[in-house]
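In: sharing a model that was predicted from the sequence below.
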Amino acid sequence: MTTPATRAEALHLTGERTVPGIAAENYWFRRHEAAYAHLLPLCAAKTVLEAGCGEGYGAGLIATVAERVLALDYDVPTTEHVARRYPGIGVARANLVFLPLRDASVDVVANFQVIEHLWDQGAFLAECRRVLKTGGRLIVTTPNRLTFTPDSDTPLNPFHTRELAPSELDELLRDAGFEVETLHGLHHGEEVKRLDAKYGGSIIDAQLDVVMGQLPGQATWPAELLADVEGIEAADFAVHGEDLDASLDLVAVAVRP
């Protein structure tokens, strides 16, 4: 049986990916899980490619509703882990600017919290357009640059190459030949807003104060903060189209015409 500890050890908690079952990671895991939950209906009974699957929990969620799921990642230990952990999913190692699929072969391409890691975002989107069927959907979630790295064009996260503001993501998708169906944002719901107030205005900053300057997985957490973080659920986040510039993550659905 895979425990949270062995799962984290297997995937080397570098800070680049989110891993479920780790108390200190729970805020980020639930935040990402909320976006998956919001977008799952678009994957129902579809052939879905998850481009950049990370630990695989998202592909696992998609597989609960999709007809077929293929998960891709560039990192060999990651793909090996996903194949073991989620046996019902097709898994392959691939460079996302050279997708190993035929033209017009999938209904949905899911790209959750990945595009900000890519050096050639335009080339990736061209590949997404190529492998999608006409009328197929590209789903993209990514940190909102306006709130994730405010007042800077250079990402603070060393694993990010280019972060996007709402207008930049919209333009990038349209320039790649997609029609933008929806562009929404993910926000804190009432429970996480309560934690924001409890921790001086930002539960995110309270967590960063603990982990900054520490090796991933090695920080010593205050017990109360860790308990509050561990108690967060996916339902404690909201996805909607209001106040987009203030959103934490961007949630885009684009259609291949």
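Out: Alright, I've got the coordinates. Numbering: from 1, shown residues only.
In: quote the end-to-end distance of stretch 156-176.
Out: 26 Å (Cα to Cα, to the nearest Å).
In: with stretch 37-46 instead?
Out: End-to-end distance for stretch 37-46: 16 Å, by Cα to Cα.
In: one more: stretch 154-165?
Out: End-to-end distance of stretch 154-165 (Cα to Cα): 13 Å.
In: got the buried residues for that stretch?
Out: By neighbour count on 16 or more other Cβ atoms under 10 Å, the buried set for stretch 154-165 is 155, 160, 162-165. Heads up, the C-betas are built off the backbone N, CA and C, glycines and all.
In: could you dump these into TSV with pLDDT and distance to A34 added?
Out: Shown next, in TSV, are the buried residues of stretch 154-165 (pLDDT from 0 to 100; distance: Cβ to Cβ, whole Å):
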residue	pLDDT	distance to A34
P155	80	22
H160	90	20
R162	93	24
E163	95	19
L164	95	19
A165	95	21
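In: tell me which two in those are the farthest apart.
Out: Farthest apart among these by Cβ to Cβ are H160 and A165. That separation is 13.6 Å.
In: where in the chain is pLDDT low?
Out: Within the chain, the segments meeting pLDDT under 70 span 1-17.
In: try it again with 50
Out: Low-confidence segments of the chain, defined by pLDDT under 50, span residues 1-14.
In: strands along that one, start to end?
Out: 47-51, 68-73, 90-93, 106-112, 132-143, 179-188, 237-240, 249-255 (DSSP state E).
In: the nearest residue to E67 once chain neighbours are set aside: what's it in contact with?
Out: Excluding its sequence neighbours, the residue lying closest to E67 (Cβ to Cβ, 6 or more residues apart in numbering) is A45, at 5.3 Å. By Cβ atoms under 8 Å, 6 or more residues apart in numbering, the residues touching A45 are 65-67.
In: the residue nearest to G60 when sequence neighbours are not counted: what's it in contact with?
Out: Among residues not flanking G60 along the chain, Y86 sits closest, at 4.7 Å (Cβ to Cβ, 6+ apart). Shown in contact with Y86 (Cβ under 8 Å, 6+ apart): 56, 59-60, 63, 71.
In: Q214: which of the residues you listed is nearest?
Out: G56 (25.9 Å).
In: is the closest one in contact with H81, as I believe?
Out: Yes: if you go by Cβ atoms under 8 Å, G56 and H81 touch, sitting 6.9 Å apart.
In: higher neighbour count, these two?
Out: A count of neighbours by other Cβ atoms under 10 Å puts G56 above the other of G56 and H81, at 25 against 22.
In: what's the distance between the more buried one and D103?
Out: 26 Å (Cβ to Cβ, to the nearest Å).
In: just D151 next, same as before
Out: For D151 relative to D103 (Cβ to Cβ), the value is 42 Å.
In: between these two, which has more neighbouring residues?
Out: A count of neighbours by other Cβ under 10 Å puts D103 above the other of D151 and D103, at 9 against 5.
In: quick check: that one touching R130?
Out: Yes: the criterion here is Cβ under 8 Å, and D103 meets it with R130 at 5.6 Å.
In: quick revisit: would you format the contacts of Y86 as TSV with distance to N95 included?
Out: Shown next, in TSV, are these (distance: Cβ to Cβ, whole Å):
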residue	distance to N95
G56	18
A59	18
G60	23
A63	23
A71	15
